[in-house]
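Enquirer: Fold the stuff below for me.
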Amino acid sequence: MNQEQEITPESAALLRGAMQRRTVLAGAGGVALAAFLAACGASGNGSTPSTTAAAGKDLSATEKKLRWQNWPAYMDKEGGKGSTLTTFEKQSGVDVNYTTEIDDNITFTNSVQQQLQRQQPTGYDIVVLTDWMAGKWIANGWALPLNKENIPNAKNLRPQLVEVPFDKGRNYSLPWMSGFAGIGINKKVFKKLTGKSEIKSIDDLWDPKLKGRITVLSEMRDTMGLIMMSQGKNIGNFTDADFQDALAVLKDKVDSGQVRQVTGNGYLPELESGAIAASTAWSGDVDGNPDLAWFVPESGATYWTDNMLIPALASHKTNAEKAMNFYYDPENAGRLIAGGVTYVTPVPSAKPTVQKLDAELAKNPLIFPSEQFLANTQIFKVLTAEENDNY
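Expert: Alright, predicted model coming up:
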């Protein structure tokens, strides 16, 4: 297989859960695309678990420990010296084992699904997953209910995020960060290949000058969402025909070699190095890097939220809730953002702290979006069980 159609480890992992329509995806690049479509695999469209999460013994009182699994670039100073995480450790006395091995929702869930299904501990006390996958965990009884008495600062949650279809009342989850999917470019490489300094649309990714220098996100709701939006569709209310039309475009671009890879967070090092010129990309990954630029396509960006969950049989549930409460304090939430986590904070009252620490950052619409900015974004609809079967 040539380099332009390289299959990433993430894509290979996703392939194991490919959907019934994978046979449609035969041909060049079909493996990567079939793997990508595994992201359709869970609706999480209900807030009532089908089974009750197994609760283990909470050792928080005697073991001042917490194991937290998160995505990269989601903690100031990656949790090292001088970070908000070290402040939490000092204030709480809890020793945090913080890791950033979540690259993709499905890949990570596959890595712990056997333990969850067998009602065995995952070894984690907090995991951070995107809305639709958080819904799957809740529906399957893989997440423990939160003790709201331990999280009084949850009152600071952005009002628009309090009631969500997959977790009504936020009984099992709390948002960590929200963000947008749009287009990221390596400014120097993109300019060299196209002669342009900015990218305006998803269709611009299909410029023949960019062949083999493009990647797309393995998060189906982002990549398919952006393509459907470019075709004038509302991703909060689309039809099967709309989805298939967008899929046909993506399949063509993968088969032709226009799209080099379907990947999770692995796109970022390639974008930074110039191995690729552009990618569907997450806002906070690209924002702040002087060599890169992030754009909202003219047709709009997708809007999503990643959520903190406590896995079934977690050993340090109360410690996890203490950490959640710490980060929902407006000052701590503001310090996290000012420390370089340039995503949308779920705590809007953090803005005064950010203004005090970095006045320019407080003006960034990718952190504190205006209603006008949000008007050009869409949230991917919750899929029904029938739609999951179809996709």
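Enquirer: Check the secondary structure at the residue nearest to Glu331 when sequence neighbours are not counted for me.
Expert: Once flanking residues are discounted, Glu331 sits nearest to Thr353: 5.1 Å by C-beta to C-beta, 6 or more residues apart in numbering. C-beta coordinates here come from the backbone N, C-alpha and C atoms, glycine included. Three-state call for Thr353 (DSSP: H, G, I helix; E, B strand; the rest coil): helix.
Enquirer: thinking Thr353 is in contact with Gly334, fair?
Expert: Yes: under the criterion of C-beta atoms under 8 Å, Thr353 makes contact with Gly334 at 2.6 Å.
Enquirer: Neighbour count: those two, which is higher?
Expert: Gly334 (25 against 21; other C-beta atoms under 10 Å).
Enquirer: give the contact list for that one.
Expert: Taking C-beta atoms under 8 Å, 6 or more residues apart in numbering as the criterion, Gly334 is in contact with 345, 347, 350-354, 356-357.
Enquirer: now those residues: which count as buried?
Expert: Buried subset of those (neighbour count, 16 or more other C-beta atoms under 10 Å): 345, 347, 350-351, 353-354.
Enquirer: okay, the residues you listed in CSV with distance to Gly82 next?
Expert: Formatted as CSV, the buried ones among the contacts of Gly334 follow (distance: C-beta to C-beta, whole Å):
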residue, distance to Gly82
Thr345, 20
Val347, 21
Ala350, 19
Lys351, 22
Thr353, 16
Val354, 17
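Enquirer: Of those, just say which sits nearest to Ser173.
Expert: Relative to Ser173, the closest of these is Val347; by C-beta to C-beta it sits at 15.2 Å.
Enquirer: Got the confidence number for the closest one?
Expert: According to the prediction, Val347 has pLDDT 96.
Enquirer: and it, how far is that from Tyr327?
Expert: 8 Å (C-beta to C-beta, to the nearest Å).
Enquirer: any common contacting residues for the two?
Expert: Common neighbours of Val347 and Tyr327 (C-beta under 8 Å, 6+ apart) are Ala333.
Enquirer: Leu374 - nearest residue in space that isn't next to it in sequence?
Expert: Looking at Leu374 with C-beta to C-beta, 6+ apart, the closest residue is Tyr303, at 7.1 Å.
Enquirer: residue contacts, that neighbour?
Expert: Contacts of Tyr303 (C-beta under 8 Å, 6+ apart): 178-180, 374, 377-379.
Enquirer: and it, what are its bridge partners?
Expert: Phe180 (DSSP bridges).
Enquirer: Quick check: it vs Gln160, distance?
Expert: From Tyr303 to Gln160 the distance is 10 Å (C-beta to C-beta).
Enquirer: next one: Leu374
Expert: Going from Leu374 to Gln160 by C-beta to C-beta gives 9 Å.
Enquirer: who has more neighbours, these two?
Expert: Higher neighbour count among Leu374 and Gln160: Leu374, with 16 against 12, using other C-beta under 10 Å.
Enquirer: Just the pLDDT for the more buried one.
Expert: Confidence at Leu374, expressed as pLDDT, is 89.
Enquirer: Now it: phi and psi?
Expert: With angles defined as degrees, to the nearest 10, Leu374 sits at phi -70, psi -20.
Enquirer: got it, and the one 5 residues further on?
Expert: Ile379 adopts backbone torsions of phi -110, psi 130, taken as degrees, to the nearest 10.
Enquirer: Check what pLDDT it gets.
Expert: Note for Ile379: predicted pLDDT of 90.
Enquirer: which ones are touching it?
Expert: By C-beta under 8 Å, 6+ apart, the residues touching Ile379 are 235-236, 302-304.
Enquirer: if we can go back for a sec, out of the contacts of Tyr303, grab the one that's most surrounded.
Expert: Phe180 (26 neighbours).
Enquirer: Let me see the contact set for Tyr172.
Expert: Neighbours of Tyr172 in contact, by C-beta under 8 Å, 6+ apart: 47, 49, 134, 137-138, 143-146, 309.
Enquirer: just to revisit the earlier point, same list (the contacts of Tyr303) but as JSON lines, adding distance to Lys191.
Expert: Putting the contacts of Tyr303 into JSON lines (distance: C-beta to C-beta, whole Å) gives the following:
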{"residue": "Ser178", "distance to Lys191": "31"}
{"residue": "Gly179", "distance to Lys191": "26"}
{"residue": "Phe180", "distance to Lys191": "23"}
{"residue": "Leu374", "distance to Lys191": "30"}
{"residue": "Thr377", "distance to Lys191": "27"}
{"residue": "Gln378", "distance to Lys191": "29"}
{"residue": "Ile379", "distance to Lys191": "33"}
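Enquirer: which one of these is nearest Ala55?
Expert: Nearest member of these to Ala55, counting by C-beta to C-beta, is Ser178, at 28.8 Å.
Enquirer: So the closest one versus Asn70, what's the distance?
Expert: 15 Å.
Enquirer: With Asp252 instead?
Expert: Taking C-beta to C-beta, one finds Asp252 at 35 Å from Asn70.
Enquirer: who has more neighbours, these two?
Expert: Between Asp252 and Asn70, counted using other C-beta under 10 Å, the more crowded position is Asn70 (23 against 13).
Enquirer: What does that one show for phi and psi?
Expert: Taking degrees, to the nearest 10, you get phi -140, psi 180 for the backbone angles of Asn70.
Enquirer: Can you list phi and psi of Trp294 for me?
Expert: According to degrees, to the nearest 10, Trp294 has phi -120, psi 140.
Enquirer: Who does it form a beta bridge with?
Expert: Where Trp294 sits in a bridge, its partners, by DSSP bridges, are Gly184.
Enquirer: returning to that earlier point: check the residue nearest to Leu374 and give its pLDDT.
Expert: Note for Tyr303: predicted pLDDT of 93.
Enquirer: can you check Glu10 too?
Expert: 36.
Enquirer: How about Lys192?
Expert: 97.
Enquirer: Secondary structure element for it, which one?
Expert: helix 187-194 (DSSP states H and E).
Enquirer: Other residues contacting that helix?
Expert: 196-197, 199, 207, 209-210, 213, 274, 276-278, 291-293.
Enquirer: Who's the closest spatial neighbour of Ala61, skipping the chain neighbours?
Expert: Thr318 is the one closest to Ala61 (C-beta to C-beta, 6+ apart), at 7.4 Å.
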